[in-house]
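J.: How does the following fold in three dimensions:
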Amino acid sequence: MRYHQSGNIPQKRHTIFKSPEDKFYYEQLFGTEGFHGISSLLYHIHRPTQIKSIGEAKDVSPKIAVDKNVTPRMFKGMNVTPEDDFLDSRKFLMVNNDLKMGLSKPRKSMDYFYKNAECDELLFVHHGSGTLKTFVGNLEFEVGDYLIIPRGTIYQVDLQSDDTVLFVLESHSPIYTPKRYRNEFGQLLEHSPFCERDIFAPTFVEPKDEKGEFLIKVKKENQITDFIYATHPFDVVGWDGYFYPYKFNIKNFEPITGRIHQPPPVHQNFEGHNFVVCSFCARMYDYHPMAIPAPYNHSNIDSDEVLFYTEGDFMSRNHIDLMDFTLHPGGIVHGPHPGAMERSIGKKFTEEYAVMVDPFRPLKITEEALKVEDPSYKTSWLEDQDRTLKDRSQE
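T.: Sure, this is the predicted structure:
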């Protein structure tokens, strides 16, 4: 993250700041990790603390179906059920104590405000477009955008269509860019696969000076509680700091390639505590004359591996559809499907796009995941099984 400033702010923090009508503005420190982590200072027209009422909590804990998993699995994202409501549409498929991830197919825009009070959110736009409206400004989004929303951000989502599809990840730790791509001042280095020009902060909008009853749904400890506030939450006249939502499009990621196959860490885009997020993008294949572009068989002994397929034809997998998730649990060797290695030899480039998440603690499988699982995946590396699947797909 880098320093950003929008709207009107006082010359000195924690000092008197008034409107042209001589009314006080109210300062709010917005940040995480106590007073140690990155933060921003927001200036409100009204006190942001004016609660009128608090409703009953609704439990939204993912229901675990498989607590300890060692089985390779594939979940068919196209079969995840859409929902009208933005929050109800989140179907978490895999979870552990560090994160939750799954798919969301909301059909309607939000007519309330929302705050995740315990998790940073990563929303990847597989299909659709719209506007992420927040108390520090708006972000227009489209296909391929990652929306990084720090915990505590109050927001609404305005959708342009009823067929939006989002990959959703909630993280109990802050989501950052990789440390190895930043210098001691936080600047992205020359060998980083992206730079500050690719990261977009919210566009400032005029504050809402409104009183009434404003519903903010607050999520904490897997419960969503309705808070009614007396003033509009988007009443910020200005803010500055390092802590704010932003967007990054996967097609602005510049792949790192080599003469021989490069390992997954070169594709890393983000990281949190005990997990990384990688972007597999269109790129030139390895250019050694004897190179095998397909990945070699490998064992992720210390991490699970999840891939979400969003565009193109993923060369190392057979019978994969867009919106599919594959899960390869730690400790179980995996690699290209039969024929994939051979097909890759001599190929010069790929047009694939996928989001990969490697959690360093095992994932639990939810009931929602089992509803959309393809049970044949675990044996799909058998050559006879692959021929059967191929014949079936051609019927």
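
J.: which regions of the stretch 201-350 of the chain sit below the pLDDT cut-off?
T.: 314-316 (pLDDT under 70).

J.: can you map out the helices along it?
T.: For the stretch 201-350 of the chain, applying DSSP state H, counting those that start in this stretch gives helices covering 340-344.

J.: Against Q187, how distant is the nearest residue to R2 once chain neighbours are set aside?
T.: Spatial nearest neighbour of R2, excluding adjacent residues (CB to CB, 6 or more residues apart in numbering): E196 at 5.7 Å. Backbone N, C-alpha and C define where each C-beta goes, glycine included. Distance of E196 to Q187, computed by CB to CB, to the nearest Å: 8 Å.

J.: Next, count neighbours for F248.
T.: Neighbourhood size, F248 [other CB atoms under 10 Å]: 21.

J.: Quick one: the strands in the stretch 251-395 of the chain, in order.
T.: Ranges of strands within the stretch 251-395 of the chain are 268-272, 275-280, 283-284, 305-311, 325-328, 349-350, 353-359, 364-366, based on DSSP state E, counting those that start in this stretch.

J.: Mind putting the ones you listed into JSON lines with distance to K12 and mean neighbour count?
T.: Output for these, formatted as JSON lines (distance: least, CB to CB, whole Å; neighbours: other CB atoms under 10 Å):
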{"stretch": "strand 268-272", "distance to K12": "34", "mean neighbour count": "21"}
{"stretch": "strand 275-280", "distance to K12": "38", "mean neighbour count": "23"}
{"stretch": "strand 283-284", "distance to K12": "48", "mean neighbour count": "16"}
{"stretch": "strand 305-311", "distance to K12": "46", "mean neighbour count": "23"}
{"stretch": "strand 325-328", "distance to K12": "50", "mean neighbour count": "23"}
{"stretch": "strand 349-350", "distance to K12": "53", "mean neighbour count": "16"}
{"stretch": "strand 353-359", "distance to K12": "42", "mean neighbour count": "22"}
{"stretch": "strand 364-366", "distance to K12": "49", "mean neighbour count": "21"}
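
J.: any chance of these in a markdown table, plus distance to H319?
T.: Output for the strands of the stretch 251-395 of the chain, formatted as a markdown table (distance: least, CB to CB, whole Å):
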| stretch | distance to H319 |
| --- | --- |
| strand 268-272 | 27 |
| strand 275-280 | 18 |
| strand 283-284 | 23 |
| strand 305-311 | 11 |
| strand 325-328 | 11 |
| strand 349-350 | 17 |
| strand 353-359 | 15 |
| strand 364-366 | 21 |
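
J.: So which of the ones you listed is nearest R182?
T.: R182 lies closest to strand 268-272 among those, at 11.1 Å (CB to CB).

J.: on contacts alone, who are the packing partners of that closest one?
T.: Packing partners of strand 268-272 (3 or more CB pairs under 8 Å, 6 or more residues apart in numbering; DSSP states H and E): strand 145-149, strand 275-280.

J.: right, so of the ones you listed, which gets closest to V218?
T.: So among the helices and strands packed on strand 268-272, strand 145-149 is nearest, using CB to CB, at 14.2 Å.

J.: partners of the closest one in the sheet?
T.: Strand pairing for strand 145-149, determined by DSSP bridges: strand 120-127 (antiparallel), strand 246-249 (antiparallel).

J.: Run through the helices of the stretch 51-200 of the chain in chain order.
T.: So, for the stretch 51-200 of the chain - with DSSP H, counting those that start in this stretch - there are no helices.

J.: got a list of contacts for stretch 52-65?
T.: 87, 92, 95, 100, 213, 219, 222-230, 364-370 (CB atoms under 8 Å, 6 or more residues apart in numbering).

J.: which of these are buried?
T.: 87, 92, 95, 100, 219, 224, 227, 229-230, 364-366, 368-369 (16 or more other CB atoms under 10 Å).

J.: between the residues you listed, which is closest to Q156?
T.: Closest to Q156, out of all of the buried ones among the contacts of stretch 52-65 and judged by CB to CB, is L87, at 11.6 Å.

J.: Distance of V237 relative to M290?
T.: 63 Å.

J.: Give me the more crowded residue out of the two.
T.: Remark: of V237 and M290, V237 carries more neighbours, 20 against 8, as counted by other CB under 10 Å.

J.: which residues touch that one?
T.: So, once contact is read as CB under 8 Å, 6+ apart, V237 ends up touching 7-8, 19, 25, 43-45, 207.

J.: Distance of it relative to F113?
T.: With CB to CB as the criterion, V237 and F113 are 18 Å apart.

J.: Equivalent analysis for G238, please.
T.: Taken as CB to CB, the span from G238 to F113 is 20 Å.

J.: got it, and D84?
T.: D84 is 17 Å from F113, by CB to CB.

J.: for the nearest residue to M94 once chain neighbours are set aside, what are its contacts?
T.: What sits nearest to M94 in space, not counting adjacent residues and going by CB to CB, 6+ apart, is L363, at 4.2 Å. Applying CB under 8 Å, 6+ apart to L363 gives the contacts 69, 94-96, 304, 306, 327, 329.

J.: So what sits opposite G137 in the bridge?
T.: Beta-bridge partners, per DSSP bridges, of G137: T134.

J.: go on, Q223?
T.: Residues in beta-bridge contact with Q223 (DSSP bridges): D59, K220.

J.: Report the contact partners of it.
T.: 57-60.

J.: Redo these as TSV? Include distance to P150, pLDDT and neighbour count.
T.: As requested, the contacts of Q223 are exported to TSV (distance: CB to CB, whole Å; pLDDT from 0 to 100; neighbours: other CB atoms under 10 Å):
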residue	distance to P150	pLDDT	neighbour count
A57	23	96	15
K58	23	97	13
D59	24	97	8
V60	20	97	13
